[in-house]
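*Asks:* structure of the sequence below:
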Amino acid sequence: MSKTHNSSAVCYISVDVETAGPHPNRFALLSIGACVVSDLDKSLYLELQPDCPAYEPQALEVSGLSLETLAEDGIPAEEAMRQFDSWLSANTPPDEKPVFVAFNAAFDWMFINEYFHKYLGHNPFGHSALDIKALYMGVTGVGWEETSHNTISQQLGLPTNLEHHALQDALDQAIIFRKILELK
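*Replies:* The predicted model follows:
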């Protein structure tokens with residue numbers, strides 16, 4: 001899956017998150033799932049201790065995560081981001097740059113970016129992300145209204161269920177991403 005563009009090789013990393021609400025200024029990042037798009041066996045799953053108490057009930061219902069359980073069993077946020085950073089270093093070849101790939105990348109990236117900067121002072125992905133929905137629009141010529149997870153999965157002949165488990169969703173969206181690249 002590594003491609004060369006502007007003389008820089010890249011390593012696509014599929015990332016998904018589950019959160020306590022819609023933005024990182026007030027709501028905690030609860031879980032991170034990531035995998036190397038070209039090698040799904042290279043994956044990471046982390047559940048974090050909430051670093052703030054605010055939550056939206058619907059967000060917790062969707063993910064099935066509990067703030068109380070995570071407060072006891074989760075990894076402190078700073079340690080989780082250190083583990084994610086180390087995993088990225090270990091799974092991105094030295095001559096390649098990790099590229100953040102997600103389904104509705106703006107949402108997932110804003111949490112990952114905030115947490116990397118807050119706890120480590122840098123984001124190994126840089127300041128951009130590749131959005132699978134936008135890529136699908138560009139490759140197929142469909143409109144935004146035709147880029148739901150269900151619609152794209154159906155069009156690509158893939159299962160349409162969305163688990164709302166960060167690792168499973170990262171793996172599923174990596175497969176979607178690979179199928180879209182095959183359409184080119």
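*Asks:* which stretches of this structure form strands?
*Replies:* 4-5, 8-19, 29-36, 39-47, 96-102, 130-131 (DSSP state E).
*Asks:* out of those strands, which is closest to S148?
*Replies:* When those are compared by C-beta to C-beta, strand 130-131 sits nearest S148, at 13.4 Å. For every residue, glycine as well, the C-beta is placed using N, CA and C.
*Asks:* thinking again about what came up before, ranking the strands of the chain by burial, who's on top?
*Replies:* Per residue and on average, the most neighbours among these fall to strand 29-36, with a mean of 25 (mean count of other C-beta atoms under 10 Å).
*Asks:* follow-up on the earlier one: Serialize the strands of the chain to TSV and add fields for distance to Y119 and mean pLDDT.
*Replies:* Conversion of the strands of the chain to TSV gives the following (distance: least, C-beta to C-beta, whole Å; pLDDT from 0 to 100):
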stretch	distance to Y119	mean pLDDT
strand 4-5	30	41
strand 8-19	15	95
strand 29-36	10	98
strand 39-47	12	98
strand 96-102	17	97
strand 130-131	23	98
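*Asks:* lowest average confidence, helix or strand, in this protein?
*Replies:* strand 4-5 (a mean of 41; mean pLDDT, DSSP states H and E).
*Asks:* mind listing the helices for this protein?
*Replies:* Secondary structure of the chain by DSSP state H: the helices cover 57-63, 67-73, 77-91, 105-120, 132-140, 149-155, 166-183.
*Asks:* would you turn the strands of the chain into a markdown table with distance to A90?
*Replies:* Formatted as a markdown table, the strands of the chain follow (distance: least, C-beta to C-beta, whole Å):
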| stretch | distance to A90 |
| --- | --- |
| strand 4-5 | 22 |
| strand 8-19 | 11 |
| strand 29-36 | 10 |
| strand 39-47 | 9 |
| strand 96-102 | 11 |
| strand 130-131 | 21 |
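*Asks:* W144: which of these is closest?
*Replies:* Among these, strand 130-131 comes nearest to W144, with 11.1 Å by C-beta to C-beta.
*Asks:* for D39, find the nearest of the helices of the chain.
*Replies:* Closest of the helices of the chain to D39 is helix 77-91, at 8.1 Å (criterion: C-beta to C-beta).
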